[in-house]
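In: Sequence and predicted model, in that order:
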Amino acid sequence: MRSSVKYRIEKQSPLKQYIFDFLFNIIGIQGEKCNTFSNRDQLNIYYGNNPSKNCKIVMLEKVTDIIWKQLIEGKISESDNNRMVKFDIVNAISHLITDEVNKNLSDNAYDTHERLIFSRSFQSKANIANVPLVNSYVNFFRALLEQKLSIKGTPLWPKGKKCAIGLSHDVDVPDRYAILKAPLFCKNKDLKWRIVTNLKKAKAVIEYTMGKASDDFWLFKDIMREEEKYGFKSTFFFTSVNQFDEWGTVFDVAYDIYSRKFIEVFRNITERGFEIGLHASYNAYHNEDYLRNEKEKLEKIAGVEIVGLRHHRWHIGKDQFKTLRMHEKAGLEYDSSIAFNDHIGFRRNIALPYYPWDEINKCMINVIQLPVFCMDGNLFYRPIEICDAIEKLKDYIGVIKQSGGLGILDWHVRASFPKNSEYLNWGKTYIKLLEFLSGDNEIWVTNLGDINSWLRERNKLFS
Ligand SMILES: [Zn+2]
């Protein structure tokens with residue numbers, strides 16, 4: 001039977017309610033909200049600054065609390081708190097999960113693709129990018145419920161697994177020579193577009209004459225074979241709008257999913273039980289019609305329902321709320337587009353699935369966010385040895401496991417198997433990483449669609 005707790009929020013707000021819903025959902029218990037003053041003595045949890053004598057857990061409100069240093073340093077245990085929690089974890093989680101901590105930054109905190117530059121982020125300045133603080137607060141709260149109320153929740157992960165690692169691949173340049181198959185002329189494109197496109201074409205011609213293999217970026221079968229060795233199945237994010245399409249830009253992909261090669265690969269991916277997701281185009285975030293159109297186009301050609309996405313180049317704009325809200329309107333179930341582009345780590349200090357907050361409508365967005373902690377380039381944009389890259393990944397996975405969380409990996413298709421000279425070490429690292437993950441049966445390793453389905457099934461227990 002589901003466990004339930006009676007709680008009261010003294011100064012109600014939709015955001016505070018959203019944080020309590022998030023806490024109860026992750027821990028796997030039912031919250032029973034008590035609004036009236038008369039029943040406050042029967043409360044299990046009280047959040048506010050005017051507690052009654054009988055309540056078993058009192059959480060004091062303090063709007064300045066964000067980083068609980070003593071907890072991170074292991075100096076606090078739930079048994080130290082008699083019944084009064086003096087650090088406001090509700091306020092802290094709300095500031096991190098909504099990215100309030102990075103609000104109102106100047107324009108130079110963002111790169112040309114409107115992505116927050118790591119060194120300008122709150123996470124960098126506070127030196128906490130490698131700490132999933134939200135997980136720590138959730139785990140503290142869970143332990144408190146167990147100790148003070150003898151309440152145990154429903155596990156977050158299936159089959160006794162301690163954490164989940166999601167495998168995903170962005171499909172950006174699966175075909176070296178895709179650009180050579182593109183149309184010669186394109187209407188409505190500016191001079192910059194023409195110059196960049198022609199330079200890319202010239203590069204492809206040079207590679208072709210140098211004899212670079214035409215299929216050494218086309219690694220779908222190699223990737224699936226390597227993952228299948230361990231029973232893993234990943235997600236491939238494909239783009240259905242390329243740089244030649246109406247709202248395509250020079251930053252978009254050159255390939256065309258209508259070509260026979262793609263039709264075959266879609267069939268192969270689906271038959272083997274892997275997932276196809278949408279790699280939304282560079283401009284998709286401007287307009288929900290663009291997003292819906294891209295989703296439907298991919299569904300039509302791939303012949304499967306598309307439930308999840310990731311934006312190409314993490315391009316979701318500075319107004320992240322607006323883009324996340326758009327996902328719901330376009331009928332998507334999960335997104336995995338929140339990460340640092342130039343650094344490994346926890347972009348919002350969270351290694352857990354969550355429904356993002358909608359700041360305008362003051363409610364949650366019904367599209368699960370699956371946070372990425374590492375993209376291949378986070379390690380390989382700088383010179384690094386394979387063994388050091390693996391050690392770094394192991395450290396992060398260790399933190400995710402220890403905190404009972406979720407971490408998504410993003411490895412580009414051309415870099416997920418050692419078959420070309422450009423991404424040799426990237427590919428070798430990915431293969432070694434799979435081997436490492438296969439050696440730990442407490443980690444649930446799967447694709448993002450499976451994680452989404454599991455979480456939605458589990459949610460039914462609490463609705
Ligand atoms: Zn991409």
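Out: Ah, there it is.
In: What residues does this protein have near the ion?
Out: Residues of the chain lying near the ion by CB under 5 Å from the ion: Asp170, Asp172, His312. No exception for glycine: its C-beta is placed from N, CA and C like everyone else's.
In: now those: which count as buried?
Out: Among the residues of the chain next to the ion, the ones that count as buried by 16 or more other CB atoms under 10 Å are Asp170, Asp172, His312.
In: Is the second one in contact with His412, as I believe?
Out: Yes: with contact defined as CB atoms under 8 Å, Asp172 reaches His412; the gap is 5.7 Å.
In: Could you count how many residues lie near Lys192?
Out: Lys192: 10 surrounding residues under other CB atoms under 10 Å.
In: Can you give me the pLDDT of the residue of the stretch 301-450 of the chain found nearest the ion?
Out: At 3.8 Å from the ion, His312 is the closest residue in the stretch 301-450 of the chain, using CB to the ion. For His312, the pLDDT comes out at 98.
In: Over to Asn39?
Out: Looking at Asn39, the pLDDT reads 55.
In: do the same with Lys212
Out: Confidence at Lys212, expressed as pLDDT, is 82.
In: go on, Ala178?
Out: Predicted confidence (pLDDT) for Ala178: 87.
In: My read is that it contacts Ile257, right?
Out: No: applying CB under 8 Å as the test, Ala178 and Ile257 come out as separate, 10.6 Å apart.
In: Quick one: residues contacting the closest residue to Glu422 other than its chain neighbours.
Out: What sits nearest to Glu422 in space, not counting adjacent residues and going by CB to CB, 6 or more residues apart in numbering, is Arg414, at 7.5 Å. The neighbours of Arg414, taking CB atoms under 8 Å, 6 or more residues apart in numbering as the test, are Asp172, Val173, Pro174, Phe217, Leu219, Asn420, Glu422, Tyr423.
In: at 10 Å what do you get?
Out: 169-176, 216-219, 376, 420, 422-423, 426-427 (CB atoms under 10 Å, 6 or more residues apart in numbering).
In: Among these, the buried ones, what's the PyMOL command?
Out: Remark: buried members of the contacts of Arg414, expressed as a PyMOL selection using 16+ other CB under 10 Å:
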select buried, resi 169+170+171+172+173+174+175+176+216+217+218+219+376+420+423+426+427
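In: Of the contacts of Arg414, which belong to strands?
Out: Of the contacts of Arg414, the ones assigned to strands by DSSP state E are His169, Asp170.
In: Which of the contacts of Arg414 fall within helices?
Out: If you go by DSSP state H, the contacts of Arg414 have Asp376, Trp426, Gly427 in helices.
In: give the contact list for the first one.
Out: Spelled out, that is Asp376. By CB under 10 Å, 6+ apart, the residues touching Asp376 are 169-170, 389, 409-412, 414-416, 423, 425-427, 429-430.
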